[in-house]
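here is a sequence with its predicted model. Questions after.
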Amino acid sequence: MTVLLDTTVATTEEMGALGARIAAVLRAGDLVVLTGPLGAGKTTMTRGLGSALGARGQVSSPTFVLARTHPTTAGPDLVHVDAYRLSDPVELDDLDLDWDGSIVVVEWGRGMVDGVSDSVLDVEIARPTGGGAEGAVDLDDVDPDDVPDEPRRVIVTGTGPRWQGVTL
Ligand SMILES: Nc1ncnc2c1ncn2[C@@H]1O[C@H](COP(=O)(O)OP(=O)(O)OP(=O)(O)O)[C@@H](O)[C@H]1O
Ligand SMILES: [Mg+2]
């Protein structure tokens, strides 16, 4: 397990840029797991990652479809999964995803993808919590389409042989 990056991301735009930076090292068979509370920026990061890969279609929260496959202009497909509603890893297995031939990004995937691959790129996003935390936006109080920028801490950890020696 190696920490590849530990940084603070100040804005929505910067989160997209970080997604693009991660996209630059991704190839078919890679599994990226995004962890962080509601509104942390998991989908925002995936969107930046998707644009960098030339993903077709809108990268949005796939909460109601579980998984969406985006063909890309040149490389492997981007498969975007939202495991929020899954209760156990077997259901993820049921989706019959092309794990080896595509780049798979799983929101809320921690604990759901164990055993799927021997290597995982784990991205943890922390946001200050609302409801009184200093400087934090309470997401209940704002228009979801207009969440003000606030800092996020992002820690990217590589587990398994695939991420040995990789730098972002
Ligand atoms: N520094 C930041 N990085 C990322 N997003 C930010 C930042 N500051 C503010 N935001 C806003 O926070 C929201 C993040 O929403 P997003 O849908 O990406 O989160 P999520 O982690 O996917 O949530 P969910 O758990 O509901 O899937 C967006 O509205 C984005 O504009
Ligand atoms: Mg999301």
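Ah, there it is. Ligands and ions are numbered 1, 2, ... in the order given.

element containing the most centrally placed residue in the chain?
The central residue of the chain, meaning the one whose C-alpha is nearest the mean C-alpha position (CA atoms, centre = their mean), is Leu34 at 3.8 Å. Here Leu34 sits within strand 31-35, counting by DSSP states H and E.

tell me the angle the helix or strand where Gly158 lies makes with strand 31-35.
Assigned by DSSP H and E, Gly158 belongs to strand 152-159. With axes from the mean of the first three to the mean of the last three CA atoms, to 10 degrees as the criterion, the two stretches strand 152-159 and strand 31-35 enclose an angle of 140 degrees.

and strand 152-159, which strands flank it?
For strand 152-159, the paired strands and their directions (DSSP bridges) are strand 2-9 (antiparallel), strand 120-126 (antiparallel).

out of these, deepest packed?
Most buried of these by mean neighbour count (mean count of other CB atoms under 10 Å) is strand 120-126; its value is a mean of 22. In short, each C-beta sits where N, CA and C put it, glycine included.

next, see if that strand gets close to ligand 1.
No. Applying CB under 6 Å from any ligand atom, one finds strand 120-126 out of contact with ligand 1, separated by at least 6.6 Å.

any idea how far that strand is from the chain center?
Going by CA atoms, centre = their mean, to the nearest Å, the spacing between the C-alpha centre of strand 120-126 and its chain's C-alpha centre is 7 Å.

quick one: average pLDDT of that strand?
Within the predicted structure, the mean pLDDT of strand 120-126 is 97.

that strand and ligand 2 in contact?
No. Applying CB under 5 Å from the ion, one finds strand 120-126 out of contact with ligand 2, separated by at least 10.4 Å.

just the C-alphas of that strand, formatted as CSV.
Listed in CSV are the C-alpha atoms of strand 120-126, where the atom choice follows Å, rounded to 0.1, in the frame of the first residue of the first chain:
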residue,chain,number,x,y,z
VAL,A,120,-6.9,-1.0,-6.5
LEU,A,121,-6.4,2.7,-6.7
ASP,A,122,-8.2,4.0,-3.7
VAL,A,123,-9.2,7.7,-3.6
GLU,A,124,-10.4,9.1,-0.4
ILE,A,125,-12.1,12.5,-0.4
ALA,A,126,-12.8,14.3,2.8
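
with that, I have no additional questions.
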